[in-house]
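K.L.:
sequence first, then the predicted structure:
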Amino acid sequence: MEKLVEVTRGPLVESVHRGSIAVVDENGKLLAWAGEPEQVTYYRSSAKPIQAIPVVVSGAADKFDIQQDELAIICSSHSGEQQHVQTVGKLLERVGLNEEFLLCGIHPPFHRPSAEEIYRKGNQPGPIHCNCSGKHSGMLALCQYYGWPLDNYLDLTHPLQKMLLETMHRFLSYEKIVLGVDGCGVPVYGMPLKIMAKGYARLVNPQVLPDVYQLATKRLVAAMLAYPHVVGGTGRFDTELMETAAKDVLAKGGAEGVQCLGLVTKGLGIAIKIEDGNARAAEPVAIEVLNQLGLLSDHKLYAMRHKHHPMIKNHRNEVVGELRPVFKLHLA
């Protein structure tokens, strides 16, 4: 691991975040790195755009007339805002189901005003508010399309999960995937960081893939770039970066300090893992990687300055420190 971010308070460095970075092309060739690009870790929610591919490849998206914003919500880790809940609801309605079929678990919306509104009305959050409800709705669409059981679609032995794992193998050209259980109950995929980066290179540059995968990938990436607010939400890093980069960067983070990027115009993929799992460090690292690769104009870099060098404030709203990236990419 390499020191990537220093956290300052006044004149002192109070703490540090270490981690690893991999930048690769669609064939997995390592072009730049920091730390240990061979480190094996979990893809977490950064895997969602790849997990969504069978929804398109199977024909389910066309059969159920799934719209572009609904494809984006399948790839999302949304904040539970009204737009998100409505989009998931529309998707479920298209496949003839409702939120009672979601097995993703329940948590309050990440978007605090949306959570407060639920409680103000005397209600409780439901599974539709879970940040993974979009992904699970896509899984349910596949179950409905194939006539598979709905009550155990989380299980690794379910035909849905077998299909998703096989898709991962084929899409990544990688067989040694380590399996765990994700926060929403479905299998989660472990692999070297550089393989995760290869996945994002292939999302934005799928020319090495079979035609059917190329068409599906282009459709999903277009949906995410067209609806960045659906992918994350108000104040969320993925949303703000995709809006600022104006369709030049595909962004999808995951839990435990994982952040993946696809460089649309360059056809490259980036994967970041923060060793201590703290997402606050992944965001400045991501912006600094783009900066060092010369992929953000001065104007765009300035627009993302609050994510590049986040300020630390006390309870009086006074700036007392900052997070600052301190790494230098190694170039192949």
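P.N.:
Cool, the structure landed.

K.L.:
quick one: contacts of the lengthiest helix in the chain?
P.N.:
Across the chain, the longest stretch assigned as helix under DSSP state H is helix 211-226. Here helix 211-226 makes contact (Cβ atoms under 8 Å, 6 or more residues apart in numbering) with 49, 52-53, 56-57, 61, 68-69, 71-72, 75, 170-171, 202-204, 206-207, 209, 231, 242, 247, 250, 252, 262, 264. Quick note: C-beta positions are derived from backbone N, CA and C, even for glycine.

K.L.:
ok, now stretch 243-250?
P.N.:
With contact meaning Cβ under 8 Å, 6+ apart, stretch 243-250 is reached by 49, 200, 203-204, 221, 224-225, 228-229, 241-242, 251, 261-265, 290, 295-296, 300, 303-304.

K.L.:
the residues you listed in strands, which ones?
P.N.:
Judged by DSSP state E, the contacts of stretch 243-250 include 251, 261-263 as members of strands.

K.L.:
can I get those residues in JSON lines including distance to residue 16 and neighbour count?
P.N.:
Shown next, in JSON lines, are the ones in strands among the contacts of stretch 243-250 (distance: Cβ to Cβ, whole Å; neighbours: other Cβ atoms under 10 Å):
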{"residue": "251", "distance to residue 16": "24", "neighbour count": "29"}
{"residue": "261", "distance to residue 16": "23", "neighbour count": "30"}
{"residue": "262", "distance to residue 16": "28", "neighbour count": "26"}
{"residue": "263", "distance to residue 16": "27", "neighbour count": "22"}
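
K.L.:
quick one on the thing from earlier: among the contacts of stretch 243-250, name the buried ones.
P.N.:
49, 200, 203-204, 221, 224-225, 228-229, 241-242, 251, 261-264, 290, 295-296, 300, 303-304 (16 or more other Cβ atoms under 10 Å).

K.L.:
can you get me a residue count around residue 89?
P.N.:
Neighbourhood size, residue 89 [other Cβ atoms under 10 Å]: 15.

K.L.:
ok, now which ones touch it?
P.N.:
98-99, 128.

K.L.:
out of the residues you listed, which is nearest to residue 111?
P.N.:
Nearest to residue 111 among the contacts of residue 89, counting by Cβ to Cβ, is residue 128 at 13.6 Å.

K.L.:
now that closest one: phi and psi?
P.N.:
When quoted as degrees, to the nearest 10, the phi and psi of residue 128 stand at phi -70, psi -20.

K.L.:
any idea how far it lies from residue 268?
P.N.:
35 Å (Cβ to Cβ, to the nearest Å).

K.L.:
likewise residue 52?
P.N.:
Taken as Cβ to Cβ, the span from residue 52 to residue 268 is 21 Å.

K.L.:
more crowded one of these two?
P.N.:
The residue with more neighbours, out of residue 52 and residue 268, is residue 52; 31 against 24, by other Cβ under 10 Å.
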